[in-house]
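K.L.:
Fold the stuff below for me.
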Amino acid sequence: MFIKLFVLLFFVCFAASQTNFTGVGIWNTDGDLNIGTIDYDQGSYSQAQLVIKGCTYQQQSSINQESVYNYNTKILTFVAFSKTENNAYLYSVDCHSWTVVSQVVFDATKNIQGLTAVPKSNTLYATSTQGPTLNLVKLDPVTLSTSTIDSFAGEWYGSFYDPELEQLYLYFKNSSGIYLNMYDKTNKKCGSFGYFSFYGNPAPVLDLPLGLVYQPSTNGYFGTVIVEGQNSIPYNTFVVFNVYKKQIVDTGLGGKPKDMFTAVIPSTTSSNIYAFSNNNNQFSLYTFDTVDNKIQSIRPYSTPILVAF
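P.N.:
This is a model prediction of the structure:
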């Protein structure tokens with residue numbers, strides 16, 4: 001059962017829009033990076049609008065949240081790897097005109113993770129790691145210059161921006177456990193919680209980032225984790241966060257065994273959640289009904305989506 005995610009967090013029912021929910025995604029084809037449109041409610045493939053030759057989007061980049069989409073400005077920012085130049089680049093693409101806004105060589109040794117956008121501005125947040133220290137920074141995607149907001153011991157475990165509260169949520173993990181720091185619009189720390197423990201999971205949870213996603217229709221957020229199921233067969237499940245009880249709660253809603261989620265997208269027009277999955281190169285698109293806490297549909301999808309918004 002889904003719970004609204006900030007203060008005993010629970011999902012509430014919203015009437016479904018009559019208009020199909022659409023978005024943008026990234027995938028690789030024949031060694032090239034594709035960016036294009038997605039219709040989440042119908043269709044079995046995505047339509048490429050821009051192809052970046054000789055570059056690919058790495059699967060690890062999805063885990064590390066090395067891409068972000070600003071729904072207001074329609075700017076998609078992501079890290080891509082050039083095979084021909086053996087370099088990583090930080091790209092910004094205008095998804096209205098489908099043009100590259102900027103392309104700058106990216107130093108992968110800085111371990112930039114958790115790209116997060118502020119919808120009403122061009123501000124980007126990220127984390128960088130230097131040894132045991134995690135730095136929360138503001139990042140200029142054109143110059144790659146950074147300004148440090150906070151530093152502490154730990155590793156990035158998930159982040160997102162709440163546009164209603166104008167707060168950045170940063171989950172991190174250290175030797176003691178999983179913690180949450182919150183920062184207001186002046187970049188001042190306004191809350192700190194932890195450590196968090198998993199609750200209600202029927203099997204062990206793999207030690208991976210929390211896959212945090214903000215859901216506009218409910219002004220809440222949720223995460224996606226991988227659970228080691230029967231016979232060590234993994235599956236994805238959605239979790240919500242009880243901040244005051246310091247619990248990460250299994251909702252009981254998730255994918256089928258071996259269907260590994262590559263991208264999870266909340267609808268901006270309804271309480272639905274969509275998830276692309278890969279099972280041995282067999283791709284599917286899930287639609288989840290978070291009101292009735294069930295899978296609404298699963299349909300084959302020919303495009304190997306790696307990240308989507």
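
K.L.:
What pairs with the lengthiest strand in the chain, parallel or antiparallel?
P.N.:
Assignment by DSSP state E gives strand 189-199 as the longest strand of the chain. Strand pairing for strand 189-199, determined by DSSP bridges: strand 177-183 (antiparallel), strand 247-254 (parallel).

K.L.:
which residues are in contact with the longest one?
P.N.:
So the one you mean is strand 247-254. Residues from elsewhere that reach strand 247-254 (Cβ atoms under 8 Å, 6 or more residues apart in numbering): 1-3, 178, 196-202, 210, 222-225, 227, 235-242, 288, 290, 293-295. Bear in mind the C-beta positions are built from the backbone N, C-alpha and C, glycine included.

K.L.:
Using PDB, write out every CA atom in the helix or strand just after that strand.
P.N.:
Counting by DSSP states H and E, the next helix or strand C-terminal to strand 247-254 is strand 260-266. In PDB, the C-alpha atoms belonging to strand 260-266 read as follows (Å, rounded to 0.1, in the frame of the first residue of the first chain):
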ATOM      1  CA  MET A 260      14.800  -5.300 -14.300                       C
ATOM      2  CA  PHE A 261      13.600  -1.700 -14.500                       C
ATOM      3  CA  THR A 262      15.800   0.600 -16.600                       C
ATOM      4  CA  ALA A 263      13.700   3.700 -16.100                       C
ATOM      5  CA  VAL A 264      10.800   4.600 -13.800                       C
ATOM      6  CA  ILE A 265       8.500   7.600 -14.700                       C
ATOM      7  CA  PRO A 266       5.600   9.100 -12.700                       C
END
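
K.L.:
Let me see the mean pLDDT of strand 260-266.
P.N.:
Averaging pLDDT along strand 260-266 yields 97.

K.L.:
Show me what that strand is packed against.
P.N.:
Judged by 3 or more Cβ pairs under 8 Å, 6 or more residues apart in numbering; DSSP states H and E, strand 260-266 is in contact with helix 59-63, strand 213-215, strand 220-228, strand 234-242, strand 272-279, strand 307-308.

K.L.:
Could you report the pLDDT at residue 83?
P.N.:
pLDDT at residue 83 comes out at 89.

K.L.:
right, I mislabeled it, should have said residue 294
P.N.:
96.

K.L.:
Flag the shaky bits of this structure, pLDDT-wise.
P.N.:
Applying pLDDT under 70 to the chain flags residues 1-18.

K.L.:
and stretch 121-140, C-alpha only, in CSV?
P.N.:
The C-alpha coordinates for stretch 121-140 follow below in CSV (Å, rounded to 0.1, in the frame of the first residue of the first chain):
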residue,chain,number,x,y,z
SER,A,121,15.7,28.0,-13.2
ASN,A,122,18.7,26.6,-15.0
THR,A,123,20.2,25.4,-11.7
LEU,A,124,21.6,21.9,-11.5
TYR,A,125,22.6,20.1,-8.3
ALA,A,126,25.0,17.1,-8.2
THR,A,127,27.2,15.2,-5.9
SER,A,128,30.9,14.5,-6.4
THR,A,129,33.1,12.1,-4.4
GLN,A,130,36.7,12.8,-3.2
GLY,A,131,37.9,9.7,-1.3
PRO,A,132,35.5,9.2,1.6
THR,A,133,34.0,12.7,1.3
LEU,A,134,30.7,13.4,-0.5
ASN,A,135,30.3,16.9,-1.8
LEU,A,136,26.9,18.5,-2.7
VAL,A,137,27.5,21.0,-5.4
LYS,A,138,25.8,23.4,-7.8
LEU,A,139,26.9,22.6,-11.3
ASP,A,140,27.1,24.7,-14.4
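
K.L.:
how far does it sit from the chain's center?
P.N.:
With Cα atoms, centre = their mean, to the nearest Å as the basis, stretch 121-140 stands 16 Å off its chain's centre.

K.L.:
May I see the buried residues of that stretch?
P.N.:
Going by neighbour count (16 or more other Cβ atoms under 10 Å), the buried part of stretch 121-140 is 123-129, 134-137, 139-140.
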